[in-house]
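Participant: any chance you could fold what I've pasted below:
(chains A and B)
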Amino acid sequence: MSEGKHTSVSTYVIVALILGVITYVEFALVEYPQAWLGSGWTIFLLVALSIVKFVMVVMFFMHLKDDDRTYSGFFSSGMFIALATFVGLTAMFILPKAVASTRPDNRAAQEASHAVPHELLDNVETRGASRAPAEIADTPAVADRSVSVEAPTAPNDASTYSVTPPAGATAQGGAATAEEPAATEAPAAEATGAQSAAGEAAEAEEPAAQEATAEEAEEAPAQAEAPTAEEPAAAAVSWDKDHGAAVFNANCMACHQMTGQGIPGAFPPLASHAVEVYAVAGGRDYLADAVIFGLQGAINVNGMTYNGVMPAWGHLADADLADALNHVLTAWDDEPAGFQPYTAADIAARRPDGLSAGDVHAKREALGLH
Amino acid sequence: MSAEASSHAASGASAHPAPYRSSKLPDVKLLMWVFLASDTMFFGSLIGTYLAYRERSLVGPFPQDLFDIPLTTVSTFVLLMSSFLMVLSLHALRQNDIGKFRLWTAGVAFFGAIFLGFQVFEFTHFAHAGLSIHQNLFGTTFFILTGTHGVHVTVGVIWLVSLLVTSYIRPMKAKDAVYLEIAGLYWHFVDIVWIVIFTVVYLVEFV
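Facilitator: Now for the predicted structure:
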């Protein structure tokens, strides 16, 4: 036999029983939450219980308890390096995130998509009130997505939302999001609440967009018609959607990801973000410049700082860049208000400026984006 | 090397090792522990990556829309119990009780297959709900992590079944226990990885 002492069957049975019981306790802790424990202690308990299970399997089933120390040595060095990797990842990603949490946005988007009538209204208000402006600015765009999907199926909004996919401008997103559930589910009394929430969200918008948004929030039904009016203008210039996607996937996807979500802390998201930049006065030209000449310098997107370098893409053809930008602005979001698809001529017109990546960054700051 | 290792395992530390050997431990078992150490780092970074990107998905489906804790608890339980059968199987082989060895080993492989069945069910369910590896950061990190784990389980099942088949082709004796033992080490390792995943991926999501 390869090692001295062998564990007896009765020990195995006891260990298996304990493992089973612990698993049930873990399940019960999550399934029947204990208010008096609070979430902090619950997580602590769950982690502690899983460590107990882990150690029991290693000690008794894998016999490290009685086996040669060499094995434990190898295994614990592996564990040590794994833990170090883990701590490193935490330091790089999770700590910066604690400063600028994206969590409430996810929640808001989720709750909106579940269309929980009264709770949603509460959430719109309480969350809106308790969050930092930078985070609010991100919310409408995210939630807006779910609204625009649901709008056509909601029973009584044909009057206000007869709109097909390109449903609203980003700047109007905040108003649209809060307004939607009120129009669908709530009587008039609650609509007031929704509008005040919309107002709050609007306050967080960039100055340029602020006026428009506040106006829209006040006359809610009117704002829903706006996009319909703008649709024909948007449809005037056509561009090749497939080509745009192909250029994006070949050149931009590696960093900004196929879904345009980027990689937090490394590559900024374009989904729900490029449309915001586009909506700022001068944003349309800036986006073209960023792609033609690259971008370098610290920028802040959705409360997270990026200080990277985007290479210049000027070596690509005008038409390629135009369609890639059109893809970025339409693939994951509703078209921005008054969207005019980029044309090859638009790109060609920006080239003579001959900016550096740093110049583009300065230009970005000048637009009021930081 | 393997023949030497097994005869060595059977005769214990008293057998004098070949001159180039610096360890009295069976090579295959040492090798398995070294592999497990490296696999720990592998899973450590996958789990770390999952946590680093947790709650960073901009679009749904989100974990809370999809996870089914009762179901996953059952599959976790099944995997734990397969580990229990694994030690019984090793115990039986060391007692030269081939009948029980076969029974328990078949049990381990069967429980492993049930666990995989749960995973296939879960993945199809998630896919229907719109989660793909491209959909969002959750989809990417979740499928890579649990998929890698599932591949490990699959390898374990194949390994155990092949040991079982071997036992019919050529007689298995107590002295061969080291081969079952390393398969067992691998199996338990896959189990402890799941213990961690169950807590940090599934349970914590609902606290």
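Participant: how many neighbours does A:Leu367 have?
Facilitator: Taking other CB atoms under 10 Å in any protein chain shown as the criterion, the count of residues near A:Leu367 is 16. Heads up, the C-betas are built off the backbone N, CA and C, glycines and all.
Participant: mind checking how far it is from A:Val360?
Facilitator: Computed with CB to CB, to the nearest Å, the distance linking A:Leu367 and A:Val360 is 11 Å.
Participant: again with A:Glu276
Facilitator: Taking CB to CB as the measure, A:Glu276 and A:Val360 are separated by 17 Å.
Participant: A:Tyr278 contacts A:Gly338, correct?
Facilitator: No. Under the criterion of CB atoms under 8 Å, A:Tyr278 is not in contact with A:Gly338, lying 9.7 Å apart.
Participant: who touches both of those two?
Facilitator: None of the residues lies in contact with both A:Tyr278 and A:Gly338 under the rule CB atoms under 8 Å, 6 or more residues apart in numbering or on different chains.
Participant: these two - which one has more neighbours?
Facilitator: Between A:Tyr278 and A:Gly338, counted using other CB under 10 Å, A:Tyr278 has the larger neighbour count: 23 against 14.
Participant: doesn't the more buried one belong to a strand?
Facilitator: No. For A:Tyr278, which was evaluated using DSSP: H, G, I helix; E, B strand; the rest coil, the result is helix, with no strand membership.
Participant: which residue packs closest to it, ignoring adjacent ones?
Facilitator: Spatial nearest neighbour of A:Tyr278, excluding adjacent residues (CB to CB, 6 or more residues apart in numbering or on different chains): A:Pro336 at 4.6 Å.
Participant: what about that neighbour, neighbour count?
Facilitator: Using other CB under 10 Å, A:Pro336 has 24 other residues around it.
Participant: any idea which helix or strand carries it?
Facilitator: Using DSSP states H and E, A:Pro336 maps to neither a helix nor a strand.
Participant: what pLDDT does it get?
Facilitator: Looking at A:Pro336, its pLDDT reads 85.
Participant: just the one 4 residues further on next, same as before
Facilitator: Looking at A:Gln340, its pLDDT is 90.
Participant: how close does it get to A:Asp289?
Facilitator: Applying CB to CB to A:Gln340 and A:Asp289 gives a distance of 16 Å.
Participant: which one of these two has more residues nearby?
Facilitator: Set side by side, A:Gln340 and A:Asp289 show more neighbours around A:Asp289, with 22 against 15, by other CB under 10 Å.
Participant: residues contacting that one?
Facilitator: Counting by CB under 8 Å, 6+ apart, A:Asp289 makes contact with A:350, A:353, A:355, A:360, A:363.
Participant: the fourth one contacts A:Leu287, correct?
Facilitator: This points to A:Val360. No. Taking contact to mean CB under 8 Å, the distance of 10.1 Å between A:Val360 and A:Leu287 leaves them out of contact.
Participant: so what sits against both of A:Leu367 and A:Val360?
Facilitator: Residues touching both A:Leu367 and A:Val360 comprise A:Tyr286, with contact defined as CB under 8 Å, 6+ apart.
Participant: the particular helix or strand that has B:Tyr168 in it: what's the following helix or strand?
Facilitator: Applying DSSP H and E as the criterion places B:Tyr168 in helix B:137-169. Later in the chain than helix B:137-169, the nearest helix or strand by DSSP H and E is helix B:177-197.
Participant: for that next one, C-alpha coordinates in CSV please.
Facilitator: Extracted as CSV, the C-alpha positions of helix B:177-197 are listed here (Å, rounded to 0.1, in the frame of the first residue of the first chain):
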residue,chain,number,x,y,z
ALA,B,177,-5.1,0.1,-6.3
VAL,B,178,-2.7,3.0,-7.1
TYR,B,179,-4.3,3.4,-10.5
LEU,B,180,-7.8,3.6,-9.0
GLU,B,181,-6.4,5.9,-6.4
ILE,B,182,-5.1,8.5,-8.9
ALA,B,183,-8.4,8.3,-10.8
GLY,B,184,-10.1,8.9,-7.4
LEU,B,185,-7.8,11.9,-6.6
TYR,B,186,-8.8,13.4,-10.0
TRP,B,187,-12.4,12.8,-9.3
HIS,B,188,-12.4,14.3,-5.8
PHE,B,189,-10.5,17.3,-7.2
VAL,B,190,-13.3,17.9,-9.8
ASP,B,191,-15.7,17.6,-6.8
ILE,B,192,-13.9,20.3,-4.7
VAL,B,193,-13.8,22.6,-7.7
TRP,B,194,-17.5,22.3,-7.9
ILE,B,195,-17.9,23.0,-4.2
VAL,B,196,-16.3,26.3,-4.8
ILE,B,197,-18.2,27.1,-8.0
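Participant: close to chain A, is that helix?
Facilitator: Yes. Figure legend: helix B:177-197 in contact with chain A (CB under 8 Å from any CB of the partner chain); contacting residues B:177-178, B:181, B:184-185, B:188-189, B:191-192, B:195-196.
Participant: looking at the residues you listed, which has the most residues close by?
Facilitator: In terms of neighbours by other CB under 10 Å, the residues of helix B:177-197 next to chain A top out with B:Asp191 at 28 neighbours.
Participant: pretty sure that residue sits against B:Leu85.
Facilitator: No. In this structure, B:Asp191 is not within contact of B:Leu85 by CB under 8 Å, at 11.2 Å.
Participant: wait, A:Val275 sits on A:Gly338?
Facilitator: No. With contacts defined as CB under 8 Å, A:Val275 does not count as touching A:Gly338, sitting 11.8 Å away.
Participant: up against chain B, what does the stretch 201-350 of chain A have?
Facilitator: Contact residues (CB under 8 Å from any CB) of the stretch 201-350 of chain A with chain B: A:258-259, A:261, A:264, A:269, A:271-272, A:332.
Participant: ok, so of these, who is nearest B:Gln95?
Facilitator: Proximity of these to B:Gln95, judged by CB to CB, is greatest for A:Pro264, which lies at 55.2 Å.
Participant: ok, how many other residues are close to the closest one?
Facilitator: When neighbours are counted by other CB under 10 Å, A:Pro264 registers 21.
Participant: right, and it touches B:Arg54 too?
Facilitator: No. Because the distance of 10.7 Å does not satisfy CB under 8 Å, A:Pro264 is recorded as not touching B:Arg54.
Participant: tell me the SS of B:Glu55?
Facilitator: Bear in mind the rule, three-state DSSP; under it B:Glu55 is coil.
Participant: relative to chain A, how far out is it?
Facilitator: When CB to the nearest CB, to the nearest Å is applied, the distance between B:Glu55 and chain A equals 5 Å.
Participant: got the phi and psi for the nearest residue to A:Gln257 once chain neighbours are set aside?
Facilitator: The spatially closest residue to A:Gln257, leaving aside those adjacent along the chain, is A:Ile263, at 6.8 Å (CB to CB, 6+ apart). Backbone dihedrals for A:Ile263, given as degrees, to the nearest 10, come out at phi -130, psi 110.
Participant: can you read off the pLDDT for A:Ile263?
Facilitator: 89.
Participant: okay, and for the stretch 1-150 of chain A, where does confidence drop off?
Facilitator: The stretch 1-150 of chain A contains residues with pLDDT under 70 at A:1-6, A:94-150.
Participant: and the strands in chain A?
Facilitator: Under the criterion DSSP state E, chain A contains strands at A:295-296, A:299-301, A:304-306, A:309-310.
Participant: reformat those strands as JSON lines; add mean pLDDT and mean neighbour count.
Facilitator: Formatted as JSON lines, the entries for the strands of chain A read as follows, by pLDDT from 0 to 100; neighbours: other CB atoms under 10 Å in any protein chain shown:
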{"stretch": "strand A:295-296", "mean pLDDT": "91", "mean neighbour count": "21"}
{"stretch": "strand A:299-301", "mean pLDDT": "92", "mean neighbour count": "18"}
{"stretch": "strand A:304-306", "mean pLDDT": "88", "mean neighbour count": "18"}
{"stretch": "strand A:309-310", "mean pLDDT": "88", "mean neighbour count": "16"}
